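Student: Fold the following.
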Amino acid sequence: MLDISIRLTRANFALELSATFSTSWTVLYGPSGAGKTTLLRAIAGLEKIDRGRIHFAGRPLAKTVCVGYVAQHPSLFPHLNVFENVAFGIPRMQRANQQQRIEEMLSLTGAGHLIGRHVNKLSGGERQRIALARALAPGPSLLLLDEPFSALDIPASDALLNALMRWCAENQVQSILATHDLMDAFALGAQVAVLKDGIIERLGEAGDVLSAERERLMALLGMHAHARKNIGP
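Tutor: Residues are numbered from 1 along each chain as shown. Model (predicted):
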């Protein structure tokens, strides 16, 4: 369980919220600039908060808690190949165990065939797969995902999300996913936090929290379909 009560200000933007994320998956949903990335970075310790607390499992979130973080635009080490990038987070693991762990994580993310490739030869989707494998390799207790499948097509994204769901369930990893995709929230059966202008407007089950947004999108799709029909071929 992740318990957060923080305030963070950057230039003209303020993030101020209190929430408890108590389910295995929480989806952060909201428009660009709502604060999703800033919140994930604050939890990961990459953004200094002005005041407040971040607790995990009843204790302050500290270096003793292994946190995996996957940014929307993954930063891989350009001078290292895929194997070496994933190995970076597990330097103290015995060589044989390290090799097995890296192969398992790359297989999980659908990137086993890339193990010896240099990262400057990777596509955007391949980079996201490697970044996810690197985040999973140390065995995090908390996994933070910022639009991690944005460079993948829908079938590939769905397959990777399903594999990740199974792995997180088997390893009892709590995950927080920032996304613009409503379907991710419904597929996960997740708790959803709707962010707007640095605050959480709504927090609850996907079906309840996103019902109004789903109706708005369906109405918008209906309007587009009607307009196309009137325009004709």
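Student: Tell me which stretches of this protein form strands.
Tutor: 2-10, 13-21, 25-29, 51-56, 59-60, 67-70, 142-146, 174-179, 191-196, 199-205 (DSSP state E).
Student: now the ones you listed as TSV including mean pLDDT?
Tutor: Converted to TSV, the strands of the chain look like this (pLDDT from 0 to 100):
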stretch	mean pLDDT
strand 2-10	94
strand 13-21	94
strand 25-29	94
strand 51-56	95
strand 59-60	90
strand 67-70	96
strand 142-146	97
strand 174-179	95
strand 191-196	92
strand 199-205	92
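Student: What distance do you get for the residue positioned nearest the centre of the chain to Ile176?
Tutor: Central residue of the chain (Cα atoms, centre = their mean): Leu145, 1.4 Å from the mean position. Computed as Cβ to Cβ, to the nearest Å, the Leu145 to Ile176 distance reads 7 Å. Yep, even glycine has a C-beta here, placed from its N, CA and C like the rest.
Student: neighbours around Asn12, how many?
Tutor: A count of nearby residues for Asn12, using other Cβ atoms under 10 Å, gives 5.
Student: go on, the one 5 residues further on?
Tutor: Leu17 has 20 neighbouring residues, counting by other Cβ under 10 Å.
Student: quick one: contacts for the closest residue to it other than its chain neighbours?
Tutor: The shortest distance from Leu17 to any non-neighbouring residue, by Cβ to Cβ, 6 or more residues apart in numbering, is to Ile200 (4.9 Å). For Ile200, the contacting residues are Leu17, Ala19, Ala193, Val194, by Cβ atoms under 8 Å, 6 or more residues apart in numbering.
Student: Share the number of residues neighbouring Leu136, please.
Tutor: Counted with other Cβ under 10 Å, Leu136 comes out at 25.
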